[in-house]
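Novice: have a look; sequence and predicted model below, questions after that.
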Amino acid sequence: MGKYVLRRFINYFILAFIATVTAYITSSSFMDPASRYRGQNPPLSEDSIRSILNGHGTNPEVPILERTWHWLTNIFLHGDFGTTVHNSPVLQEILVRAGVSLKLLLIGSIIGAILGVILGVWGAVKQYKTSDQVVTYASYLIIATPTFVIGVILMIIATGFNNALGTTLIRFSGDYSANIDPGFVPWFTDQVSHMLLPTLALVLMGAATYSRYQRSVMLDVLASDFIRTARSKGRTRRTALVKHGVRVALIPMSTYFAYAFGTLVAGSSMLEVIFSWNGMGQFTINSILQSDINAAAGSVLFVAVLTLLASTLSEVLYAALDPRVRI
Amino acid sequence: MATDIPISTDPDTEVVTKRSKPTSRAMLIWRRLRSTPRFWVGGILLAFFVLFALFGNTINIYSPTDQDVFALNEGPSAQHWFGTNTIGQDIYAQTVVGLQKSLLIGIIAGPCASILAAIIGSTAGYFGGRVETIIVWFINLLLVLPSFFILVLMAPLLRQLSWTAIVVFLVLFGWMIMAQVVRNQTKAIKDRDFVRAARYMGVSTPKILSRHIIPNVASILIVDATLGVVSAILAETSLSYFNLGIQKPDVSIGTLLAEGSGAAATRPWLFVFPAGVLVLMLFAISLMADALRDAIDPTSGVNRD
């Protein structure tokens, strides 16, 4: 098992490497970093633009392969991922922002997944009953709503809530307040009041999607022979479902969990932009809009590493749940 | 989990039963659909929005590009049913045109992605070995490389091409997760007796895949194809929200929402109407998908003990 996981991990590591290099090369060929300096007033001379670009290692006159090689050797020899267009080290920027993004992603996706699985199983067991109908209608309504529309609606509700209370209990700008009293309790309340809306949005989206897939898989499982066998052996409906059904229904879901992660990352990037969180999502979108090659490649590396960890976790889960694929 | 209706074993009636099989299966599905309220709610809503997208503007005197200089920034009225924007364009007319584009993108991209997922996923799972390794490796590479990032990077290119380029990109980056699910399901059923029997009878591999493997993952594929319509439209709206998707002079629901969301609090009609139309239409498609899934799945009636 350990060897199997290690092999998968190395495999994903190579993938992450290729993905990042691909991202560097594509962004180098599609982006025009010089355009950022050409429009400036007073105008910069072509020579000074060239020297700025050389400093970032993004001068388009240097052949792409040479730039890529230079970028790679810097990473492996000095752990240096280059500088952003604002002259700050990319690695440092990522480390600062990663925590902000992970806070939202981890809490949101875990609560969302657990809630989705519970709702899906419940819906399948109570198929066509009122509770199933309510969950079905509600989750389709959420799936049908774009992330930013959910964000805007939550903000409108929160504004009404704050106005009704007369204090700003829920905050929807930024990921922390600048001036808070020292101590754990004020810090914690501040964190919660900032995290509530974006996390809620992510949980709603995750739970709605997971519950659909889980219900679908669970219905297939409920109709299968081994449930009938368990029932005919005298197991109650409840134990047959819990002991045999849910475990089997989770097998295809474990694959889905890992890869839905990519969608979640995209969703949380948008939420970061909407709620002005200073996280990786905002960093990625800004870096692309600003033609910042080093920062863009760095953001892809971040997402690649996350996906690598999620995929390895999914393989472990899959092998643990399904004896047929155990190696 | 047999997908076929029981065929009589009596050799005399076999031919007759087989010939009538397609109709009776369709009838069976239709009978189940008919009794599902979700199908009717979704179907009627969707029919309404499709008619709205096709003929909504024939009863409207304004075209999406007309500028009514006497009604700038006005709320809904008898003249402008959904209000007007800053330069006096009719939001109703724009919503109709935007809906056409968004619907078209979704209806092409969603099912195409699922078909690609079914073919690639079942091939990988069925053959196993080197074929599977290579496909899984490729899928993982595409998943590790965030598709949103690639779409954003390609935005300058997409701007020059038309909206069909966006459809192609949505298909190319929308099949991987489902292919993985299909692959794993295929691996689980490829050694079952009915597949083995077909193989020993000399049925060709493409036929085994299309007749025995894919029908057994069909229920999850149908949910995916229909949710794919929804997610393709959502992806387009999100890209357009960041001004990276559909470009002017093309209009989609996404571009309308991008313009309207900033004014959601002060001039709600710019946001509420396009958003409402979009959400309700996607809601209708999802409901129909769910009803269809229950109707197609031959086992869905079993859970009634």
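Specialist: Yep, it's here. Residues are numbered from 1 along each chain as shown, chains lettered A, B, ... in the order given.

Novice: indicate the residue of the stretch 1-150 of chain A located nearest to chain B.
Specialist: A:A144 (3.3 Å; Cβ to the nearest Cβ). All C-beta spots, glycine's among them, are computed from the backbone N, C-alpha and C.

Novice: surely that residue meets B:A275?
Specialist: No: at 10.4 Å, A:A144 and B:A275 do not qualify as touching, with contact defined as Cβ atoms under 8 Å.

Novice: more neighbours, those two?
Specialist: B:A275 (25 against 22; other Cβ atoms under 10 Å in any protein chain shown).

Novice: biggest helix in the chain by residues?
Specialist: Assuming you mean chain A. Across chain A, the helix with the greatest residue count (assigned by DSSP state H) is helix A:184-222.

Novice: sorry, should have said chain B
Specialist: Counting residues, the longest helix found in chain B (DSSP H) is helix B:91-127.

Novice: what's the burial count for B:V144?
Specialist: 26.

Novice: ignore what I typed, I meant B:S77.
Specialist: Neighbourhood size, B:S77 [other Cβ under 10 Å]: 11.

Novice: tell me where the model's unsure across chain A.
Specialist: Applying pLDDT under 70 to chain A picks out residues A:1, A:258-259, A:323-327.

Novice: now chain B
Specialist: Within chain B, the ranges that satisfy pLDDT under 70 run B:1-25, B:146, B:156, B:297-305.

Novice: which residues does the residue positioned nearest the centre of it contact?
Specialist: What sits nearest the mean C-alpha location of chain B, by Cα atoms, centre = their mean, is B:V229, with 1.8 Å. Counting by Cβ atoms under 8 Å, 6 or more residues apart in numbering or on different chains, B:V229 touches B:106-107, B:109-111, B:285.

Novice: between those residues, which is closest to chain A?
Specialist: For the contacts of B:V229, the nearest to chain A is B:I285 (7.8 Å; Cβ to the nearest Cβ).

Novice: hey, where'd the helices end up in the stretch 1-150 of chain A?
Specialist: A:2-30, A:35-38, A:46-56, A:64-78, A:90-125, A:130-143, A:147-165 (DSSP state H, counting those that start in this stretch).

Novice: is there contact, residue-wise, from the second one to chain B?
Specialist: No: under the criterion of Cβ under 8 Å from any Cβ of the partner chain, helix A:35-38 makes no contact with chain B; the nearest approach is 10.9 Å.

Novice: and the residue in the stretch 151-300 of chain A that chain B sits nearest to, how many neighbours does it have?
Specialist: In the stretch 151-300 of chain A, the residue that lies nearest chain B is A:A223 (3.2 Å; Cβ to the nearest Cβ). Residues lying near A:A223 (other Cβ under 10 Å) number 17.

Novice: can you tell me the element A:Y176 falls in?
Specialist: According to DSSP states H and E, A:Y176 maps onto no helix or strand at all.

Novice: what are the phi and psi values at it?
Specialist: Main-chain torsions, A:Y176, degrees, to the nearest 10: phi -160, psi 160.

Novice: got the residues of the stretch 101-250 of chain B near chain A?
Specialist: B:137, B:140-141, B:143-150, B:152-154, B:156-157, B:176-177, B:180-181, B:184-185, B:187-188, B:219-220, B:223, B:227, B:230, B:234, B:237-238, B:241-242.

Novice: okay, and which of the residues you listed map to helices?
Specialist: Using DSSP H, the subset of those located in helices is B:137, B:140-141, B:143-144, B:147-150, B:152-153, B:156-157, B:176-177, B:180-181, B:184-185, B:187-188, B:219-220, B:223, B:227, B:230, B:234, B:237-238, B:241.

Novice: quick check: A:G151 vs A:G267, distance?
Specialist: The gap separating A:G151 from A:G267 is 10 Å, by Cβ to Cβ, to the nearest Å.

Novice: which residue would you name as the spatial centre of chain A?
Specialist: In chain A, the C-alpha nearest the mean C-alpha coordinate belongs to A:V265, at 2.1 Å (Cα atoms, centre = their mean).

Novice: make a markdown table out of the helices of the stretch 1-150 of chain A and add distance to A:T199 and mean neighbour count.
Specialist: Below are the helices of the stretch 1-150 of chain A laid out as a markdown table (distance: least, Cβ to Cβ, whole Å; neighbours: other Cβ atoms under 10 Å in any protein chain shown):
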| stretch | distance to A:T199 | mean neighbour count |
| --- | --- | --- |
| helix A:2-30 | 27 | 17 |
| helix A:35-38 | 35 | 14 |
| helix A:46-56 | 36 | 14 |
| helix A:64-78 | 33 | 13 |
| helix A:90-125 | 5 | 19 |
| helix A:130-143 | 15 | 18 |
| helix A:147-165 | 10 | 16 |
